[in-house]
Each structure stands twice: as structure tokens, then as C-alpha cells.
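Undergrad: Just to be clear, the model below is a prediction. Sequence and coordinates:
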There are 2 protein chains.
Amino acid sequence: MNIAILGFGTVGQGIYRVLEDRRPALEGQCGQELQVKSILVRDLHKDRGAFRASSLPLTDSFEEILADDSVEIVFEVMSDGAKGIEYIRQLLARGKHVISANKAAIAGAFFELQETARAAGAHFRYEAAAAGGIPLIDPLGKIRHLNSISYLGGIINSSTNYILSELSLEKPREEVFAEALTLGVLEDDPTNDVEGYDARRKIAILASMIVAQEIREMDIPTIGICELSDDDFAWAGSEGRRLKLIAALTQDDSSYSLSVLPTALAETNPLACVGGIMNQVRLEGDTIGSLVFSGTGGGMLSTAHGLWADFLEVISSRPTYYMNSGKGKADHSLQRTAAFYLREAEKARGEIKQISVKEALCLRDKGFTVIEIA
Amino acid sequence: MNIAILGFGTVGQGIYRVLEDRRPALEGQCGQELQVKSILVRDLHKDRGAFRASSLPLTDSFEEILADDSVEIVFEVMSDGAKGIEYIRQLLARGKHVISANKAAIAGAFFELQETARAAGAHFRYEAAAAGGIPLIDPLGKIRHLNSISYLGGIINSSTNYILSELSLEKPREEVFAEALTLGVLEDDPTNDVEGYDARRKIAILASMIVAQEIREMDIPTIGICELSDDDFAWAGSEGRRLKLIAALTQDDSSYSLSVLPTALAETNPLACVGGIMNQVRLEGDTIGSLVFSGTGGGMLSTAHGLWADFLEVISSRPTYYMNSGKGKADHSLQRTAAFYLREAEKARGEIKQISVKEALCLRDKGFTVIEIA
């Protein structure tokens, strides 16, 4: 069986490495040999670190892969959302199975890509797009049929969780960010992580699956972790609380609400103990009760694990699709009320008020630091 | 599609109830109507509580179900292990798919039933046999191909975890046991739970899947929670530790070890916070890193959730089987050494020693209370 990989950054290399490490097991499941036929890269001459470029089937032509009928399954792990959508669309339409970890692409055209896959009878899977290798998206495919899901949320961005964990130890900010860059926990441009956009994308994908209607990333009230000061960590510590970036969906029969907000968690909250690059997601369903999934949220091997787990599903099961139910549940994200810690710019301490998420966002725009209390 | 249910205790009733609650979703996935054609019970005239017996397709003839070619999928949720093995064997041989939560049957003939299923091309699934509805066994089916698993363990018996949680609050023993019986957390004959046999069965099943060789329940060093005294809880509390019943598998390339032991966990151990009827299992793999699964371990709906999740797999995927690899890893369960708290009978306090599991079992037989420290 021939596969192709689009993108050969950390995740693409992880896919390649897991195949080398686990080839007998994977080929045993396939019942045939597995070959990486093509790897799409932008620059054929770039240094490939641990890999000898000449030993890799590199190409810079997507059309070559698209036209190659011997390629049955394509791993799409590029960083470009728009290009990702376009390539996934073309591959699926051609009947190729696509396994992706490209959050921007998946969140950007969720139901369109599902519909394209359905029309072609192809698999479109993305276990690694939220919470890395933690088996979350695959179980959710069954859980959704067996439950009314009232809540799904938790820590789904590893970079910010690492930074918040380190900052809560009173380490100097510059040192923490420098270390995060060195460790590869943070990308050179950290905007997507620290502004909460990465978590927003992931919760948009999970919410699309659960609410079964169009969720636009941009509509999700989102505050990142940039405004949190040493004073805020001191306040949280004095209250026996931990600061975490929490992405959450709550849902009832007629409405849903979504948010990505810095949150001061009581130390008794299980999420408060989730440190470093770990992720943890809790789900509440009326049949299953409370379920918690935890593990390493990202990184080369954990993400590659999620992608290969999808591969094992592709070769052994009927494809599943998520369709827009057109239910028209109301988006109550802004109307949701909660206790917030509100600190005016330049002041050391803030105060706690019960307000709506909409009011919280307004105060943030006026320069307040805003932290939900849970 | 016609299904049958063998056994109509708590779990059998849960299966029936989930179908009533989620019929449109389940039939949507099947693409056809779903009918409970037969329910096997011992006593046709017994009161069925919330159910009107006359509305149920009850039968006391297993042969009738076996001979009914219109029945494609059978839920086997009896309590009798030996009868369970026999019925599963016959159903599989006849090409019917079997979904079971009968731990005694599954642990008692693990590879034989897998082989029977494989020979018939039938599904044999048992998600609910360990950790109730928590999606653990299904993900493990993929995780095993992508990792060398060095550890799997945790809290997998709800009854004892409930009792230990309550006892650690210094509630009187008689009251805790009486409440557990009233709540249905404990069965009328609590032996299987409090002696650790239920946890032993579950870890035997999980270990069979991971080690891929014959694991005999009886060979697993097992100590229950009966000997734990108020003094032991006081000691644990004074050390900042929590007493839990931990079932665990550790494994390397040449050997494995298994145990079910009362364990004094540091309060910083995530398992220490798992209270009441919750279960939690941690897995360590060389690709995925650390993964933690938590949720309600048992109960009517959670267990039924696991069974219906299996149903969704049966109707949408290729069956998977676990075969005995014949690898011949050595069983080092008794040789494993650890720190143990050892308290002589009649004494209030014990002492801590680094000894082997074998020595710990010998001391237990001499009347010592034995608690692993982790």
C-alpha cells in the first residue's frame, strides 16, 4: 500500500519515524507492505536534519501526488490552512483517504470537507487535530450516538499550559518564554498559542462534531494568556487557585456556548494538577456520566500516534462522517454568565464580579485583565 | 436487525434502556430497525421491576436463541463464567457476533474465545469488561500496534474504591458497608470485590491483550482490602497517603509482572484523587507517552454504554482479534520488589521494608497486613 505525506515538519517526520519503528505491526494490520511513495515539501534542497534528503521520496509537486493512482492514503500535515483545505478537497474528490492534523484547514471548512469525503466514499480523519495523540476524536464518534453531551472542555493547548505551569512557579517571564522556544514547546511566532487561537480552533472542531452545526472560529469568545501579570499569579496563589487556559463547550437542547478563557481553577479541580505539556479534556454525557481523557497534547511522536491510529481505522472500518444537522441551536456564548476576576491595567489587584462573557470581553477591550473563576 | 440479550440483571436492563433512549441514533447508524428479539433469563416469572415482563421477549431457552438465524448480534451479560464461556463459544461458532461484559468468561478462556471468533469471522468484543464504559479496550486495540507498552494500571474496581474513599473519611466500617449495599455499589456477596478477584480478572484480561500470552487469573498476586484496619487508615493519613486497590501490569522485552494490591499512594499521585465509584487507568507507551483514562467504572448506564459502543464497532468495522503470540515472556510477578508497609496482626503500627511481592504474600499468610507504597 502506498501512502503520501504532505508536509515534512516535526509532525511529518514523526509519521515517517513511527512507520520505521513499527513497520512489522503496521504491515501486519494492512496485510501488505507499506511504502511512503511521496513526501510533499516546499523546498527540495532544505536540510532534513536526521534524515538524508536523498533517501526520502521528496517532491514539490502536489499534482504529481494527486495524479498518482497508486497512492491510497495521504497524511496532510502542512501548516497552511487555506492550502490544506484546497489539497484535502482535491484528494478526497479523487477518492483518496485523507488523514490530517491541520487544525486550520479542518476548522476552516469542517462540514464542506465532511461532505466532500462522504460524496466520494473516502475516509477523512483527524484524531491528531485536537489533544494530539490522546484518543478523543475517535471515541467521540461513538459517544455522540449514545449520549446527550452537556459539556466538553479542558486544557487543549500544550504551549500555554507549559508556560502557565512554569510561571506559577514564580520563574521570570523572559526565562520561561526563552526555555519554551528552546524546548520547541513554543513556535517562533507564538501568536497562535498565546492568544488562544490554537485552542479556539480545536474547540471549534470538537464543537462542530458535537453541536452538529456550523461553528465559526471567529465567533468564539477568546482571551489568551498575554495579559496575565505576576500579580495575577500571586493573587491566584493566595486564593489556592491555578491559572489555566480553558476551552469549553456547554450545550443543552436549544443552545450552546463556547469560550477560550484564562481561568482560575480551585486546587481541588482535577485540571489544576495538569501541568507542563499535558492536555486533559472532560466530557459529560447523560449515559456515560463523566469521562476524562489525559495525555501528552502534542509533540512529534504523540501527534504521529494520533495520525497512525487514524490509519488503522481507515484500513479496518467503514468511514464515518459528521454532517451539519441544520438544527439551529442558538449561540449563547456571549450571554453565558460566570464569576470573573477583573483587574484594571496598572493596578495590582482586581475584584470578582458575576458578569456575562460579553461584558468580560468589553472590559478586556478597555484594558482590564479578565480571568474566569471555576 | 435482530439482537438478543443473555441475562437481564442490572446490565441487561441497561442495554434495553439505552436502546429505548437512543433508538433513532442507533438505527440511524445501522441503517435499519433494531429489535430485541429475545432475552434469556433463568426465571420467566420473576418480577422485572420497572419493566412489564409481558412486554419483554423473555425466554429461558438458550438453544432457541442459538438456532434463531435472524439474530445477528448477542449481548452476553450473565454472571456465570462457565456458562458464559460455553454460550459465547456456541454463538461465535454459529457466526453470531458476541458483545460481552462477562469478566469471568472472558478472563477464563481469553485466547480460546478469540480463536473461535477468528475461525468464524465473527466479532467478539468486550469494552465493558474492564473499567465499565470508559473507552479503554477499543483504543488499546490500536495503541498496542503503535507502542511498546511498559505499564498499564490503576483503579479498576468501583466497589472497593467507594469503600476505601468512605473509610478514609473515618466513617464507621459497618455504616460504609451497609450504605454500599443499599446503593448497589456492593453485591450481596461482596467477596469478588473486597478480595480483589474482580480487579484481578480485569487486569488478567488487559494483560492478555498486551502481553499476548496466556495469563492465568490465579497466578496474579492478589490481596484484597479486608485486612485494612482503622489504624492503617490513620497511618496513611498521617503520612499524607491514600489507600487504594491498585491493579497493575509492568512489562519489558523479556518479562512481565502483575499484581492487585492495597497501595498507599502519595497525595500528589493523580490516582489518590480518584474517589467513589470512579475508575482511572494509566498507560505508558514509547510512542504515545503517558495516557490516562478516567470515568465511572461501572453501574447500569456506564456499562451499557460500553456494550453499545461495541455494537457501533461491530456494525462498522472489520473484526479484530487478540492472538497468543507464544512469546514466552517470563512471569516476574513474585520477584518484583517494592516498598511495603507491614503490620503484624494485633499491633497498631507496622514498618516499611523493601521486599519482593513473594515475601509480601508470605507475610500476609502469616497474618500481617500488607500495603504497597507508591
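TA: Structure received. Numbers count the residues shown, from 1 in each chain, chains lettered A, B, ... in the order given.

Undergrad: use CA for all of it now, contacts and neighbours both
TA: Noted.

Undergrad: how about the residues of the stretch 51-200 of chain A near chain B?
TA: Within the stretch 51-200 of chain A, the residues that sit near chain B (Cα under 8 Å from any Cα of the partner chain) are A:G133, A:I134, A:P135, A:P139, A:K142, A:I143, A:H145, A:L146, A:N147.

Undergrad: Do a quick rundown of the helices in chain A.
TA: For chain A, the helices defined by DSSP state H occupy A:10-30, A:62-67, A:81-93, A:103-108, A:110-120, A:137-146, A:158-167, A:173-183, A:191-194, A:197-211, A:230-238, A:300-314, A:357-365.

Undergrad: Mean neighbour count and mean pLDDT added to those helices, as a markdown table?
TA: Listed next are the helices of chain A as a markdown table, based on neighbours: other Cα atoms under 10 Å in any protein chain shown; pLDDT from 0 to 100:
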| stretch | mean neighbour count | mean pLDDT |
| --- | --- | --- |
| helix A:10-30 | 18 | 96 |
| helix A:62-67 | 15 | 98 |
| helix A:81-93 | 19 | 98 |
| helix A:103-108 | 25 | 97 |
| helix A:110-120 | 20 | 98 |
| helix A:137-146 | 20 | 97 |
| helix A:158-167 | 24 | 96 |
| helix A:173-183 | 14 | 92 |
| helix A:191-194 | 18 | 95 |
| helix A:197-211 | 25 | 98 |
| helix A:230-238 | 17 | 96 |
| helix A:300-314 | 25 | 97 |
| helix A:357-365 | 18 | 98 |
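
Undergrad: Kindly reformat those helices as CSV containing distance to B:V77.
TA: Converted to CSV, the helices of chain A look like this (distance: least, Cα to Cα, whole Å):
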stretch, distance to B:V77
helix A:10-30, 30
helix A:62-67, 49
helix A:81-93, 42
helix A:103-108, 40
helix A:110-120, 36
helix A:137-146, 19
helix A:158-167, 41
helix A:173-183, 50
helix A:191-194, 47
helix A:197-211, 30
helix A:230-238, 49
helix A:300-314, 27
helix A:357-365, 47
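
Undergrad: what's the closest of these to B:K358?
TA: Each of those has some distance to B:K358 by Cα to Cα; the shortest is helix A:10-30, at 35.2 Å.

Undergrad: nearest spatial neighbour of whatever residue of the stretch 251-374 of chain A ends up closest to chain B, skipping sequence neighbours?
TA: Of all residues in the stretch 251-374 of chain A, A:S317 sits closest to chain B, at 3.9 Å by Cα to the nearest Cα. Take A:S317 and drop its neighbours on the chain: the residue closest to it by Cα to Cα, 6 or more residues apart in numbering or on different chains is B:S317, 3.9 Å away.

Undergrad: Taking the stretch 51-200 of chain A, what residue is nearest to chain B?
TA: Counting by Cα to the nearest Cα, the stretch 51-200 of chain A gets nearest chain B through A:H145, at 5.5 Å.

Undergrad: wait, isn't that residue in contact with B:A25?
TA: Yes: between A:H145 and B:A25 there is a contact under Cα atoms under 8 Å: 5.5 Å.

Undergrad: quick one on the thing from earlier: if I pick the residue of the stretch 251-374 of chain A closest to chain B, what's in contact with it?
TA: Residues counted as contacts of A:S317 (Cα atoms under 8 Å, 6 or more residues apart in numbering or on different chains) are B:S316, B:S317, B:R318.
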